[in-house]
Structures are given as structure tokens and as C-alpha cells.
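Colleague: Show me how the following folds:
(2 chains)
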2 protein chains.
Amino acid sequence: MSDNKTPQEATPELGRRRFFNTTAIVGLTAGLAACSDKGGNATAPAAGSAPAGHATAANASHLKPGELDSYYGLWSGGHTGDVRVLGIPSGREILRIPCFVPDALVGWGHTNESKKVMGTKADGSLRYTVADTHHVHASYKDGNYDGRYAWVNDKINSRVARIRLDYFVCDKITQLPNVQGFHGIFPDKADPVDPAINYTTRVFCGGEFSIPLPNAGTEDEKQYRSLFSCLDAETMEVRWQVLLDGNCDLVATSYDGKLAATNQYNTEMGAKYEDMMSAERDSCVFFNIARIEAAVKEGKFKTIGSSKVPVVDGTRESNKDPKTALTAYVSVPKNPHGVNASPDAKYFICAGKLSPTATVIELAKVLEWFDGKLEKLDGAIAAEVELGLGPLHTAFDGRGNAFTTLFLDSQVVKWNVEKAIAFHKGDKAAKYVVDRIDVHYQPGHINASQSETKAADGKFLAVGCKFAKDRFLPVGPLHPENEQLIDISGEKMALLGDHPVRGEPHDFIFFKRDLLKPKAVYNIDEFPHAVKDAKDSGVTRNGKKVTVKMTSLAPAFSLREFKVRRGDEVTLILTNLDKVQDLTHGFAIPGHNVNFIVNPQETASVTFTAGEPGVYWCYCTHFCHALHLEMRTRMIVEA
Amino acid sequence: MSDNKTPQEATPELGRRRFFNTTAIVGLTAGLAACSDKGGNATAPAAGSAPAGHATAANASHLKPGELDSYYGLWSGGHTGDVRVLGIPSGREILRIPCFVPDALVGWGHTNESKKVMGTKADGSLRYTVADTHHVHASYKDGNYDGRYAWVNDKINSRVARIRLDYFVCDKITQLPNVQGFHGIFPDKADPVDPAINYTTRVFCGGEFSIPLPNAGTEDEKQYRSLFSCLDAETMEVRWQVLLDGNCDLVATSYDGKLAATNQYNTEMGAKYEDMMSAERDSCVFFNIARIEAAVKEGKFKTIGSSKVPVVDGTRESNKDPKTALTAYVSVPKNPHGVNASPDAKYFICAGKLSPTATVIELAKVLEWFDGKLEKLDGAIAAEVELGLGPLHTAFDGRGNAFTTLFLDSQVVKWNVEKAIAFHKGDKAAKYVVDRIDVHYQPGHINASQSETKAADGKFLAVGCKFAKDRFLPVGPLHPENEQLIDISGEKMALLGDHPVRGEPHDFIFFKRDLLKPKAVYNIDEFPHAVKDAKDSGVTRNGKKVTVKMTSLAPAFSLREFKVRRGDEVTLILTNLDKVQDLTHGFAIPGHNVNFIVNPQETASVTFTAGEPGVYWCYCTHFCHALHLEMRTRMIVEA
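Modeller: Numbers count the residues shown, from 1 in each chain, chains lettered A, B, ... in the order given. Sure, this is the predicted structure:
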């Protein structure tokens, strides 16, 4: 690489590295692989400078009043356990879809319907009220999003949530057995065997923390293993798991459905960070989906603990013979982070994190290895080239270029994949680095418009910067994260704007708005307990259990008052009979910890214990009408 | 008013009204006061058209990359029970400050420190996990914000939260006794007696729902009353309450500290909306703060139920004599909504809601009445002029103009206060309506930059539109609200942009950024349990109670592992020793429902019960360092 060093590039970089690395590189120098210089000779532009050909770049993220965004963005909600819907290029947050964590606006985690999705303990309280979502991905058909579902993971409690993209609501949550620290997730794009199934039917999930299996408390971390799981996309049941040496980090899937992969940053199976970064190379594990499912069918599995999920053996020792192997461990440099599928369906790219490199793995070669036609598995590595310090994740423009975040350099590097392969093969004149741009600051995930589909269109790049520092008005110790938007339509990248988001989104996708056709009004028949006529309203009693049925139609609830007794277990069912788009009502009861909303034609119910005798004004909490303030019903609690 | 009708104005309005009113006016026509036409002859501009003199208006809300907003906005968070910090003019949400509802990012409602602020039941669980915040206001000095505190109300459970504006955190929550449906809130701006106290020392709170006092379950709503409460701004204790006929809606305070006011929309004391809108006029009640506090001092109060808060008698019957009256009920038209203080300190303006009018009340005249120098209290009404259908709230530009939202017309009307007074006095040539602009749609609260201070600067107007309908990409049945931004620097208003926000913010203020000086790093001494040195880390046991002390310093926790036993009550105390701005760490424990963050130099603690024996990888959940993924500690639970 040193042949390619140019003074123009080397000098300005040093200053930035010194500045950033004071915070981000502490304790890292000992384990950091040497980075002589970036390949490819591109000069670094000043931040935010609009290169030639981007005349309109400075305003490209600004929409006029009433103008709609051109892309839907699905952003993982991080700790808030939701999925956020952003409009791109404006960066505006249009919706938060609660999944793993209660949401007091919609009553998520409060209504009986949402509690059933979230999961409760024996006493009826929620099993979990915290989460740490990382990655959101959507269902495919013909290599593009089909608008059916999206999935998001919860790392803390190893859960997967599914979102219906017709109503933008979470409808199912599954907890993975024997998995701790569930990190990467990706749906498949086709069936590995049946070509007629050219759409998503599986969701793959990587278990990041190696643990005793079953978790019996051993302290010898060398005995710990991790599991790679497959869910059925429709039933959301866990189909099978694969036992692995080392851990799972991110997940990617091939367009032909034959391969899934996860990168591993701790093949050392260490318990401390020094141990986790001791080896020079780690792995990207490939899964042969057809073979795994055949093995499961043939009963070649075990189960772990009380889980009935079939677990096949994907460890190195048991998969040495390519002809029968379920898994293939391709070697990649030191603590890789990120594995991404190129839109031409040919490559998976692993970024090095503690190595300044990206590794390009050719999928056809991996399949050749599984067929016994490639002698050495690492022969599938088409390129391994230097990009800069701390490479993490990669996006694509559909024109042969990749965009990789450099965490330590606080940059995005644009590089040409075929030129990188040529360079790797020996053509030292191949200038694979096309451009670099400073971002603000410490970028993690990155994605381009339609990047994870065959329809990658190379218009915009979103970069999830983990540190915002000075980019927004100061608001105390907790800073937002900074989702920067970059114009990638030209040869040079151009910074368009800073979009603050509440920590910590991690990952996101964004795609053309015409791929979704959401519905603004519910179908009343989707709700088995719907009160379809105001005349069906009323109070019925069964011992201490009381059911209150009610409807809403602006500006009134069908019951103008209702009576219960102290200590009653009251189940209140509310159907919103309004049919007008955006005409949502809320329902709150003072002192009873009740508040939820009903969208047009929606039914929701809550169960609570009636408190002390007295008058409680239940009121509409979602502004609906000029007489919204007057929209109330009176709950009279009798002794 | 019919003298002033112009064909230019009347015709286009009718079409819009017909369109909007199909949804918003249902059931309202019977009670709606006649609106012959708007006063003032202004023609309605097309939505979004940039009038002359606003050449740059179209881009005025667009910031270049790295450019900071010029105003801080504090937005009530609605059902999410938080306060949101927005940058204006960009409309970007930079922070959410959790108050009444748990927040899984910061661990609000999960850490022992935040649970103490929020309030717990006997079993240690949170008393409430829902809220309905409406109004946020900040502390004053010399008639402008002083950057100490902000307050926000929870309507459902009658709570007030205070926010420290140095760290942007909620530090105290108070529940009002004997109040249901706590709506309006406003700090005072000066002491009514001591001129040296030219800053906020009180917070006034209006109780919206009239209830039996004490709440003993009577069904005769004519016996119900409401309370107006005063909190001590420093101790957050309730100082006193005033018993009222009718209810309290919004609250306003005078710049001289002598008067507070609340508008009343249900002087009928009805239980159903038809009853609540039966009278032609309702009230704006003025409170003579000095007299109320003197009465409390003299022991002229009672208490209600178990509350020890002094309650003085502010009912109409007891306050007929101006010389001794504590309260004054000024008459205003039908179901008023909104009372706002003009920045010249002279007027309170009440909007009519079901009357198309605004009522301008002259504060000096109200004081004259209390002094026995004004024969009829309604002589304090300086003007009552027609504005349009459904007037709700009013903002000011500091140049004598008021801006009132018209809910039913989906417009903002700009009108000149002194010209309205002249018109009311008989000068029918006074053109008080200056301009109208369409907004999208059904606007509720409105505020202008610095509007609620003597430093109102007339630059921007934010309008909280309750319905967004078609203004953003469709995202299913639940629409965001639309906080529109309008340029008010010129004679004509110009629409700048649509900003979506999660429902339902209600109210907000925004002010110049140099009024706040937030701190990015905590003072470690603010936390009594701080673990100031990594050497103090460790596990101590007292029977089944275990304390784990730990520090964080990227990329490691001070304890690399720790052991507890199944069923232990574990209190884990974590101090973040990192001192670098934005270097926040998180701490999650799989299966134990634990996740929280520690900002630089912050200490937080959680208490949980150790679960089944096994290995649990506790990990950093807030991206901190290139070795963030490797930043873990191992909790080993023994049998």
C-alpha cells in the first residue's frame, strides 16, 4: 500500500486523527493493526463543500411547505425499543412504532391487545420494559422490498419484533431460546431450493454473546458457544438454530437464498476486551441454508435445555468436509464489524474495525467451496484493501461503488469494488478509493437509498454518527446522535445536512416511497372485540369482573357516564366509530394509570382495578374536534 | 361587523370552511355563535405563498450542515410525558427530557434516582406510567427567561414536573391535592409586593375538571367545584389553593406579579358537552395574588380532605366586594380557550373558541376594580372583536400585533391590538385584521419567538396543527401532528415549513439560544453515591442484599466480572468516570429488565432481583468507543 501514498492525502488526515483519537482510540493502540495509508490517492475535501455537479446540493434536503419526502426511512429506535419512520431527504421523524418498550401515546404495553404481543408474566405485568434495538430490515420480493413486513431486534432480551407495513404496527414478538445479546438480523430474499419462492420466508438472527449452553454457570469462557437462529417469517416461530464456535455479530443474506453469513469479532472466545482482540484474524461464517434444513429434516440435531428448537452443529471441527459442511468460516482481519451484500448479488463485504481494511468475499466462490470445487475457503476472498481507520459498515450505489464508514477517522470512504479487486490481484495502478468525506462524528452504520436491494439507486447516503458533539444546540450531558445525509449522485460526495435523533438508532434502511401503500383507516373487522354500534355500549357485571363497552364519535363517548364499585376488575373496550382519516381519540382515567388511543375504526381495551369511591372524569386525550375539551365521560366509583 | 364584509374575503373562505367543518364541526352548529364575517378586510393569501419582502423565506428554516439553530424550543411531549427540546427554525428535535413516563434510553423510571423523582407505591413500583402533558413554561427574571427552570403539567394525574435547564433534566415532581384534570400552568414573573423579587417564585396551576370536594361521589355536578393552585417554584410544595365556581382552563400571569388569570369554559358546571356550551358567556377569572397570600397568612382558609394545603374561598358569592375580593370573574364569550399576556404588559387576551371573537382585557382596569375605582368589572374589556371561526390561542410579535389560531378555519389571523381597541370603541374604519394565512390543519396552540416575554422579537411563529392529514408521507392510521413555522418578520406572514411531531405536544415556547448556558459534563459531587475511584469498586453483601459498585471508563467497566446469588436483591451503582463531552455509557443486563445510561461524571443505580443461576453478559448499550462491542462485564449468578 505504501507505493500508493500521496502527500496530499496523508497530511491533513493526521490532524483529524489526533483530534478524534484522543477520545475514541484510548486503550486501542496496542491492538490496532498498522495502517500505513489509504489506498487510492483520493484527496480529502473540506467538510460540506459542494463539489462540481452538485449545484443544488445545499438545498437538496430542504422540502418546501407541503412537499413530501421521496423515501421512507425505517430507523431502529435503539433503547426506546421502537422503529422510527423518517422521511428522506428531510430527515423528519413521522412516526415511532412501539415494539419492545411501552409507549404512553398509543397505550402500547397498557392495552390488553399490545400486552399480548409484548408478553406478560404470570401476574399479568409486562415481562420486559427495556430494550436495545439495533437493526431493522424489511421483507423482499424479486430482490426489492415488497412492503409486507419489517423486523427489528432487541439485543438485551433476544427478541425479534415484526411490523406490519400496511398499518405500521408491531404484530408479533418472538424471544430466541438460549441466545444472549442478539445482534445481527436479516431476512432471506429467496428460497435456497424452490425458485418460485422469490420472496422472504425466513429471518436470520445472530447471537452475539457466547454463553454456556445450557446456561449452567460455568466460568470457563472457552466452553461458551453462540447460536445462529432462523425464524419463520409468517409464523414468527424459531425453525432451527446453528451451534457456532465464536460469536455472531452482523448478518447478511444472498439474493439467491442459498447463503447467509455472520461476521465474528471474538473467535478467541475471550471474556475481556484484551482477549477478544488478541488474534490477528477472525471470521465471517457462511451458512448453507439448504443443507441445514436438510439436516434438520433428517433429524441431525439436538435440543438445548427446555427449548424444543432443533440445533444443528455448525462448529469448525464438525464442518471440515466441504461436501457435507453446513458452515464455512472465511478468515477476515481482526474484530470485523459489519457484513453487507452488494446489490449486484456477487459479494459480501466485511469491514475490519481493528484492521483498516475491507474484505470482499465472492459468493460464487463460497458456493464452489461447498461443492468441493475450491481448494481453500479463503480463496473466496476477492479483495482485502485498506480504506482507513476503524471501517465498520458498507453501503452501495448500484454503480459498482461501496461507501464504508471509518469510525476512527470520522469519514466515509467511497471506493470502487471492481477496482479494489483489481488492486488486490496486483494492479497497483488501480485507484479504488474514489472519494472521502468528513462526517460528524464517529460514524457507525451507513446506508444508501435502496442500497440493500437490487434497485440501489445511488441518490442519498445516510450516516449514523454516534457522536454529535458541537453539531446541535447544547442540551446538557446527553447529546443526540447525528444522522447525516450525503448526496452520492455525483462522483464526489456532498454533505447535505445534520439530522439529530434520540440515541441510539444503530441501523436503518430507506427506500422509494412508492414501495409502500399504507392504510389510514383500520378495518373494524380486524378487532374481535369491536363494539360496532353505539347501541351495544353498556356495563355488564360478572361478580367482581366488570366489562364496559363504549364507542367514540366526535365529540362524545357513547356512555356519558358509567358506574363501577371499588375493587372491581374493570375491562373497558373502546371502538372508535369515526371513519375520517387522522381522527384519533384518546381515553384517560385520572388516578387509574389508564391512557390509550383509538385510531379510526380501531378497537382497544384496558383492564384496571377501580380505585377509591368518587367521581373520575375520563376524557379524550387526542385532540379531535372543537369540542375536544368537552369530550368526556364520568366514571362513578361506588363503595 | 357586516359593514366590513368584503366579497374578496368571504368567497374563498366558504369553500375551506365547508371542507374542514365536515370533520371538525360535527355536533357543534347548534351551539356555535354566529359569525357574520371577519373584521378588518384582509384578503387571504394562497397557502405557502411568499409575500413581497420575504425573498429568502422559502429557505429560512433550512440550516446548512453544521449550522446551529438560533432559538431553543421547549415543546410539551403530550402523552409521552416528556419535554422535547427543538431547535428553531429547523424544527429538529434535539432532546427529549423524560418527566412523568418511563424512558428506556436514560433509564428514567428504572434507576433508583429517577424513581424517587417520579414517585413509587409501597411495593417500590411506579405510581403512574402514563401522562398527558400540555403546557411548558420557563422561569423569568426582568420579564425574560432566566434559564433556571421549566415546568410542565400532567393533566391525567394532576402533576407538575420541574426541569433544571443547566442539565436539561427533571428534578422534582409534585402532585396537586384534590385536583382532577390539571390543565393550565404558568410561573409568575415578579412578586406582587416586593419589587426586589423581579423573578419567578411561584407556579400557578388550573384544575380543569370540577369534582366533589372532597371527592365523595355525589352525582349532582352542580355541586362540583375546581381549585386553582400555587406552587413554590423552589421547594415545589403547594403553597395555597383557591376554590372556584366553574373550572380552570389556561393560565396567564401579569408582568408586575399582581395578577394571575384562568379562563373558564364551563361556568355552567355541566357534565355533558351540550350543557357545557349552553351559556352565551363564560369567564376569565383574575386572582389578586397579594390579597390571597394575606388571607392565607391571616388564617382565612379551610383544608379539604387529608390535604393540609390552605384553600381560600374564591367563589363568586364570597367575592362580590371589590375592596376585599380575592377573585374577579370577567365575562367573556362562550367556551373561551386560551388566555395570553401581551409583551407590553398591558393586556390579557382570551379567545372565544365557540365565539368567533377575541376579548382584550386591560390589566390596569382589573386592578382599578380591585381598588374599587371601576364600577363594573366588565369595564376592563378593552375590545371584543371578530377574528374567524374557532379562535383558540394568541401569540405576539412585540410590535403591537397578535396572532390567533382559528381552529375551524385552519388559519392564523394577524391582528393589531390597538386598532382592535379603536374598532371596539366605535372607529369602524380601524382595520385591525392585518393578514391571514392558511395552516395545515386545525391549529391549536401558537407561539412566537420570545412571545411570552417583554423581549418578543417578532421573527418566527410556530403553530401546533392538530391534524396533519396529507402533509407527510402516509404512515398508517396514526398521523403525526404538524408544527408549522411561519415567518412573521414582515407585514405579511410567510409559511416556511412543516415539522412533524409525535402526538400530542399542545403547547411550546421558544426563545433566543443565548438565554441558556447548559453544562455538558456533570459535577460528580452532585451524586451522593458516586464511586469516585475505580478502586472503590466491588461487591458487598448484607444478608440477601448485595451492593455492586462499579465505574466506567471507555472501553471497560471497572469490574470485569461479579458474582451474586439467585434471589439476591442487588443494588448496582455505576459512576461514569469519563469526562469527555458526549461520552455516555449504557448498562444492560439480559433477562433482568435492566438498562440505563450514565453521562460523563454521572452516577446512577438500579435495584433488581438476581434471576436463575447462569452467566449474564452486562454490556455497554451506548456507543462509546471503537471497542464498544467488547465493553462488557460478566454477572455470574450462583445457586
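
Colleague: Just to be sure, residue A:364 is in a helix?
Modeller: Yes. Remark: residue A:364 belongs to a helix, assigned using DSSP: H, G, I helix; E, B strand; the rest coil.

Colleague: count of residues packed around it?
Modeller: Residues within reach of residue A:364, counting by other Cβ atoms under 10 Å in any protein chain shown, total 14. The C-beta positions use only the backbone N, C-alpha and C, and glycine is treated the same way.

Colleague: how about it, what does it touch?
Modeller: residue A:346 (Cβ atoms under 8 Å, 6 or more residues apart in numbering or on different chains).

Colleague: Please report how far it lies from residue A:314.
Modeller: If you measure residue A:364 against residue A:314 using Cβ to Cβ, to the nearest Å, the figure is 22 Å.

Colleague: How about residue A:217?
Modeller: Note on residue A:217: its distance to residue A:314, by Cβ to Cβ, is 24 Å.

Colleague: again with residue A:517
Modeller: Summarising the geometry, the distance separating residue A:517 from residue A:314, computed by Cβ to Cβ, is 40 Å.

Colleague: The two: which has the busier surroundings?
Modeller: For residue A:517 and residue A:314, the more surrounded residue by other Cβ under 10 Å is residue A:314, and the numbers stand at 26 against 10.

Colleague: you'd agree the more buried one is up against residue A:241?
Modeller: No. Taking contacts as Cβ atoms under 8 Å, residue A:314 lies outside contact range of residue A:241: 9.0 Å.

Colleague: Mind listing the shared neighbours of these two?
Modeller: Taking Cβ under 8 Å, 6+ apart as the contact definition, residue A:314 and residue A:241 share the neighbouring residues residue A:228.

Colleague: so which strand or helix has residue A:368?
Modeller: Under the assignment given by DSSP states H and E, the secondary-structure element containing residue A:368 is helix A:363-370.

Colleague: just residue A:293 next, same as before
Modeller: helix A:289-297.

Colleague: buried set for that helix?
Modeller: A:289, A:290, A:291, A:292, A:293, A:295, A:296 (16 or more other Cβ atoms under 10 Å in any protein chain shown).

Colleague: Distance-wise, check the residue nearest to the spatial centre of chain A relative to residue A:233.
Modeller: Nearest to the geometric centre of chain A sits residue A:135, at 1.5 Å (Cα atoms, centre = their mean). Distance, residue A:135 to residue A:233, by Cβ to Cβ: 16 Å.

Colleague: Residue A:618 too?
Modeller: For residue A:618, the distance to residue A:233 under the criterion Cβ to Cβ works out to 40 Å.

Colleague: Have a look at those two and say which one is more surrounded.
Modeller: Set residue A:618 next to residue A:233 and count neighbours by other Cβ under 10 Å: residue A:618 wins out with 26 against 20.

Colleague: Name the next helix or strand following the longest strand anywhere in chain A along the chain.
Modeller: As assigned by DSSP state E, the longest strand anywhere in chain A is strand A:144-154. Moving toward the C-terminus from strand A:144-154, the next helix or strand (DSSP H and E) is strand A:159-164.

Colleague: from the middle of its chain, how far away would that following strand be?
Modeller: In terms of Cα atoms, centre = their mean, to the nearest Å, the gap separating the centre of strand A:159-164 from the centre of its chain is 10 Å.

Colleague: Could you list every helix and strand in contact with it?
Modeller: In terms of contacts (3 or more Cβ pairs under 8 Å, 6 or more residues apart in numbering or on different chains; DSSP states H and E), strand A:159-164 is packed against strand A:144-154, strand A:169-175, strand A:180-187.

Colleague: what's the closest of these to residue A:343?
Modeller: Closest to residue A:343 of these is strand A:144-154 (Cβ to Cβ; 10.0 Å).

Colleague: relative to strand A:159-164, how tilted is the closest one?
Modeller: Interaxial angle, strand A:144-154 versus strand A:159-164 (axes from the mean of the first three to the mean of the last three Cα atoms, to 10 degrees): 140 degrees.

Colleague: Quick one: mean pLDDT over strand A:144-154.
Modeller: Strand A:144-154 shows a mean pLDDT of 98.

Colleague: Does at least one residue of that strand sit close to chain B?
Modeller: No. In terms of Cβ under 8 Å from any Cβ of the partner chain, no part of strand A:144-154 sits within range of chain B; the closest distance is 10.0 Å.

Colleague: List the pairing partners of that strand within its sheet, with orientation.
Modeller: Strand pairing for strand A:144-154, using DSSP bridges, gives strand A:133-141 (antiparallel), strand A:159-164 (antiparallel).

Colleague: quick one: buried residues of the first one?
Modeller: Taking 16+ other Cβ under 10 Å as the basis for neighbour counts, the residues of strand A:133-141 that come out buried are A:133, A:134, A:135, A:136, A:137, A:138, A:139, A:140.

Colleague: okay, these in TSV with pLDDT next?
Modeller: Compiled in TSV, the buried residues of strand A:133-141 are given as follows (pLDDT from 0 to 100):
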residue	pLDDT
A:133	97
A:134	97
A:135	97
A:136	98
A:137	98
A:138	98
A:139	98
A:140	98
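
Colleague: of all the residues you listed, which two lie farthest apart?
Modeller: Checked with Cβ to Cβ, the buried residues of strand A:133-141 reach their widest spread between A:133 and A:140, with 20.4 Å between them.

Colleague: what pLDDT does the nearest residue to residue A:141 once chain neighbours are set aside get?
Modeller: On the basis of Cβ to Cβ, 6 or more residues apart in numbering or on different chains, the spatially nearest residue to residue A:141 that is not a chain neighbour turns out to be residue A:199, at 4.0 Å. Residue A:199 carries a pLDDT score of 98 in this model.
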